[in-house]
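1. my questions are about this predicted structure, shown below with the sequence.
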Amino acid sequence: MKVTIISPKLYTYGALLIAGILKSEGYQVSLINEFNIEKASRADVVGLSFASTLNLLEAKGFISRLKLGSNPPFMVLGGPVSQVPALVFAHLPEIDAIVVGEGEETVLELLKTFEAKGDLETVSGIAFRDGKDVIITSSREPLNLDGRPLPFITPDLQNQDIRSANTVIETHRGCFGNCTFCQVPNMFKHKIRSRPIEDIVQEAKWFVKNNIFKIGMSLSTVSQYGWDAGLNEEAFVRLLKEVSEVVGPSNLAVPDIRVDMVSEEILKAIKSYTAGYVVFGIESGSDKILKKMRKGITVDMVTDAYDQAKKAGLKVVGSFVTGYPGETDEDFDMTMDLVRDLMLDDAWVNIACPIPGTELGDEVVKLPVEENPVFINDPGSIGHRHDLTVSEFRSLDLCLCAAAAAPTPFPLSDGLYAEFLKGVKAQHEEVVLYTNIIRGFYR
């Protein structure tokens, strides 16, 4: 049976993994990163790996055309967007089945049931439509991550750029955090399940053998690897050391670290075995907003982690969320002050995005438009004179502040301003789409 998996724009790790599993089971697998009718129409099954809710809008015309063919393929959708199956079916009613949650076992059972023309209701971990009703079958137990097949590798994966990496390697699943804007706890729950180091190293060697050298570690906070009632420094250090020996320190990144999950040994290992930087999810300089985000950290913890990282000789990148519902001018000023004080080597600034299935998504659905900073245009602000919403102006202002406060300041030229403004506008457009999608669905 021929299976084509589509991972729009970027090859997600999940798409690489599922494609590798299907190939190991004897399926004829192809993996593409575009909505290509010609390639998809040749398949018996088309799998869609959707990491973004916006993929639902982008795929609509493609799926409608594909289903109009004389022998349309069986269509399966998976990825984080699958957490709200009814939302998926509202936009893409032609989808035959949705894999809800972890897909390794579910996809295999689903395809075998499809081949045998069996009853979809017997397959755990999926959703499908029965007339106007959405049927969600029984959920599966969390998977054992040991000894699974190697990911599928496409020839153009080496050209992919995800935060300076070609791809990531999953080290564990789960996060005991409760951040209101994050889907990870919903997808993988709070218990940490770590993969054997031997499996991770084997995967790193597989990528290098196929000319994929730039690797990011984990899909969530990597220092949770091996967590056992606390930080497992021994397991974490060994993990970085052994993977670094395969890909080289300059090619290895640890993209996300929580400020409450660091130690001297962990930071020393990052300095010794990786490209030499950490990305802290700081989000805000206001303890009030951090508490509302259920981030589980304080500003004092941020500054302490920053000091430790600098002592270890690391560059520090800060990730921030602006325009969070309830964020006042005073809260935002605190974030600006924190950025100036820290003098970060770089900053990633994100407008608060209401992902379906998260607490933030639920809050935005109930929030009147006139109270949502994504839509508010304050007549008394500088941003108003530039036709910027509160969210856009704060995002732009924080980008400029971080650039000016960096240890080697960026020249604040018209070109840099235009570059930041373009990025902010593009991100704002996406957040508006997310907001309208969930508000339209839940209302």
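-> Here it is on my side, so go on. Numbers count the residues shown, from 1 in each chain.

2. from the contact counts, what lies against the helix or strand that Ala305 is a member of?
-> Using DSSP states H and E, Ala305 sits within helix 299-311. The helices and strands touching helix 299-311, judged by 3 or more Cβ pairs under 8 Å, 6 or more residues apart in numbering; DSSP states H and E, are helix 264-273, strand 277-283, strand 315-322, helix 329-342. Yep, even glycine has a C-beta here, placed from its N, CA and C like the rest.

3. export that helix to CSV, keeping only CA atoms.
-> Provided in CSV are the C-alpha atoms of helix 299-311 (Å, rounded to 0.1, in the frame of the first residue of the first chain):
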residue,chain,number,x,y,z
VAL,A,299,11.5,37.1,37.9
ASP,A,300,14.1,36.4,40.6
MET,A,301,14.4,32.9,39.3
VAL,A,302,15.0,34.3,35.8
THR,A,303,17.8,36.6,36.9
ASP,A,304,19.4,33.8,39.0
ALA,A,305,19.4,31.3,36.0
TYR,A,306,20.8,34.1,33.8
ASP,A,307,23.6,34.7,36.2
GLN,A,308,24.4,31.0,36.4
ALA,A,309,24.4,30.7,32.6
LYS,A,310,26.7,33.6,32.2
LYS,A,311,29.1,32.3,34.8
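
4. hmm, back to that, could I get the helices and strands packed on helix 299-311 as TSV with distance to Val222, mean pLDDT and mean neighbour count?
-> TSV is the format used below for the helices and strands packed on helix 299-311 (distance: least, Cβ to Cβ, whole Å; pLDDT from 0 to 100; neighbours: other Cβ atoms under 10 Å):
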stretch	distance to Val222	mean pLDDT	mean neighbour count
helix 264-273	9	96	19
strand 277-283	10	95	23
strand 315-322	14	96	22
helix 329-342	21	97	18
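
5. Glu115 is nearest to which of the ones you listed?
-> strand 277-283 (43.3 Å; Cβ to Cβ).

6. which strands or helices does the closest one pack on?
-> Using 3+ Cβ pairs under 8 Å, 6+ apart, strand 277-283 sits against helix 299-311, strand 315-322.

7. burial count for Lys388?
-> Careful, residue 388 is Leu and not Lys. Neighbours of Leu388 under the rule other Cβ atoms under 10 Å: 22.

8. residues in contact with it?
-> Applying Cβ atoms under 8 Å, 6 or more residues apart in numbering to Leu388 gives the contacts Asn377, Leu396, Val424.

9. same check, this time on Phe188
-> Glu102, Pro142, Arg173, Gly174, Cys175, Ser220.

10. might you list the low-confidence residue ranges for the chain?
-> 219, 378-385, 441-443 (pLDDT under 70).

11. which one of the helices and strands packed on strand 277-283 lies closest to Gln183?
-> strand 315-322 (14.6 Å).

12. re earlier: make a markdown table out of the helices and strands packed on strand 277-283 and add distance to Ile437.
-> Conversion of those to a markdown table gives the following (distance: least, Cβ to Cβ, whole Å):
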| stretch | distance to Ile437 |
| --- | --- |
| helix 299-311 | 32 |
| strand 315-322 | 19 |
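
13. and Val432, which of these is closest to it?
-> Between Val432 and the helices and strands packed on strand 277-283, the shortest separation by Cβ to Cβ is 14.7 Å, and it involves strand 315-322.

14. which of the contacts of Phe188 count as buried?
-> Glu102, Arg173, Gly174, Cys175, Ser220 (16 or more other Cβ atoms under 10 Å).

15. relative to Lys60, how far out is the fourth one?
-> It refers to Cys175. The gap separating Cys175 from Lys60 is 32 Å, by Cβ to Cβ, to the nearest Å.

16. same deal with Ile297?
-> Computed as Cβ to Cβ, the Ile297 to Lys60 distance reads 39 Å.

17. repeat for Pro85
-> Distance of Pro85 to Lys60, computed by Cβ to Cβ: 17 Å.

18. the two: who's more crowded?
-> Looking at Pro85 and Lys60 with other Cβ under 10 Å, you find the greater number of neighbours at Pro85, namely 22 against 15.

19. skipping adjacent residues, who's closest to that one in space?
-> Ala127 (3.6 Å; Cβ to Cβ, 6 or more residues apart in numbering).

20. isn't the one you found up against Gly101?
-> No: assessed by Cβ atoms under 8 Å, Ala127 is found out of contact with Gly101, at 10.3 Å.

21. mind listing what's buried in the host helix or strand of Ser30?
-> Element membership for Ser30, per DSSP H and E: strand 28-32. By 16+ other Cβ under 10 Å, the buried positions in strand 28-32 come out as Val29, Ser30, Leu31, Ile32.

22. would you turn those into a markdown table with distance to His190?
-> Shown next, in a markdown table, are the buried residues of strand 28-32 (distance: Cβ to Cβ, whole Å):
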| residue | distance to His190 |
| --- | --- |
| Val29 | 33 |
| Ser30 | 36 |
| Leu31 | 31 |
| Ile32 | 35 |
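
23. ok, so of those, who is nearest Ser413?
-> Ile32 (39.5 Å).

24. was I right to think the closest one contacts Ile6?
-> Yes: shown here, Ile32 and Ile6 form a contact pair, counting by Cβ under 8 Å, at 5.7 Å.

25. thinking again about what came up before, of all the helices and strands packed on helix 299-311, which one is nearest Ala403?
-> That would be helix 329-342 among the helices and strands packed on helix 299-311, by Cβ to Cβ, at 9.9 Å.

26. packing partners of that closest one?
-> helix 299-311, strand 315-322, helix 390-405.

27. now do the first one against helix 264-273, angle only.
-> So that's helix 299-311. For helix 299-311 against helix 264-273, the angle by axes from the mean of the first three to the mean of the last three Cα atoms, to 10 degrees is 40 degrees.

28. related to what we said a few turns ago, tell me which of the helices and strands packed on helix 329-342 sits nearest to Tyr277.
-> So among those, strand 315-322 is nearest, using Cβ to Cβ, at 3.9 Å.

29. mind listing what's buried in stretch 196-213?
-> Ile197, Asp199, Ile200, Val201, Glu203, Ala204, Trp206, Phe207, Ile212, Phe213.

30. can you tell me what sits against it?
-> By Cβ under 8 Å, 6+ apart, stretch 196-213 touches 145-148, 150-151, 153, 157-158, 166-167, 169, 171, 215, 235, 238-239, 242-243, 246-248, 251.

31. and Val3, what does it touch?
-> Ala19, Leu22, Tyr27, Gln28, Val29, Ser30, Ala43, Asp44, Val45, Val46, Gly47, Leu111.

32. which SS state does it fall under?
-> Using DSSP: H, G, I helix; E, B strand; the rest coil, the structure places Val3 in strand.

33. what's the domain layout of this structure?
-> 2-136, 155-442 (automatic domain parsing).

34. gap between the two ends of the shortest one?
-> Meaning domain 2-136. End-to-end distance for domain 2-136, by Cα to Cα, to the nearest Å: 26 Å.

35. now do stretch 7-27
-> 18 Å.
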